[in-house]
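pasted the sequence and its predicted model underneath.
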Amino acid sequence: MLRKIIVLLIVIFTGNTTICPDAMGWQEMKLIAEHVKVDFSLFPTTNVWEKKICSPVLDSPNKRNYRTIITNASKNEPNFDGKYRIVEFGMGSGIQYFFIIDLNTGNVYEGKFSSSGITYSLNSSLIIINPVENMIWEDNDAVPLWSHIEYIKWNGQEFVGLLVINWFIQDDEWR
């Protein structure tokens, strides 16, 4: 019988904290993840939408590959950080991706991959990748190796990492 070891790595800003229990299963991991609360109101927006629609700037091959998705999304009102529109879409095999469109300028920014979607707010610059409420937790099963929850702040040009909860699952035989 293989003994599973699950390492919970929490990265807050530049500090690292590692919790390495002997035998933590999915129930314990879920309990920890559910108790990490980051409030959207801690990262309020200062951006204002000018109520105009700009054509999206498709200045890279990847953005041009998703021209229809981006163009259609840019015709809608903001749904993130005051003046931005996030457009999410599936890429197959349970993987999602998103772009951020600045509705005032038409600039399109590359997003990140997720496996359980993202959560965001019109009134906040915070994005939660793979929020715990979207995670699939299975009875008597370990948390999947690829699982992580990521809290990031959008500064208008790039993402600023705030917190990552990452699971590393190892079998004794892998060492």
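The structure has been received and is ready for your questions.

mind listing the helices for this structure?
Along the chain, counting by DSSP state H, helices occupy 26-34, 61-65, 67-73.

for the shortest one, name the packing helices and strands.
Other helices and strands packing on helix 61-65, by 3 or more C-beta pairs under 8 Å, 6 or more residues apart in numbering; DSSP states H and E, are strand 108-114. From N, CA and C alone the C-beta is placed, and that goes for glycine too.

ok, residues contacting the strand it packs on?
For strand 108-114, contacts defined as C-beta atoms under 8 Å, 6 or more residues apart in numbering pick out 56-60, 62-63, 70, 86, 91, 95-102, 129-130, 150, 152, 157-159.

what subset of these is buried?
Neighbour-count burial (16 or more other C-beta atoms under 10 Å) applied to the contacts of strand 108-114 gives 56-58, 63, 70, 86, 96-102, 129-130, 150, 152, 159.

all the strands of this protein, in order from the start?
Counting by DSSP state E, the chain has strands at residues 4-12, 15-19, 84-90, 96-102, 108-114, 118-120, 126-129, 148-154, 159-171.

which helices and strands sit right next to the third one?
When contacts are defined as 3+ C-beta pairs under 8 Å, 6+ apart, strand 84-90 sits against helix 67-73, strand 96-102, strand 118-120.

recalculate using a threshold of 10 Å.
Strand 84-90 sits against helix 67-73, strand 96-102, strand 108-114, strand 118-120, with contacts defined as 3 or more C-beta pairs under 10 Å, 6 or more residues apart in numbering; DSSP states H and E.

what mean pLDDT does the last one have?
The predicted model gives strand 118-120 an average pLDDT of 95.
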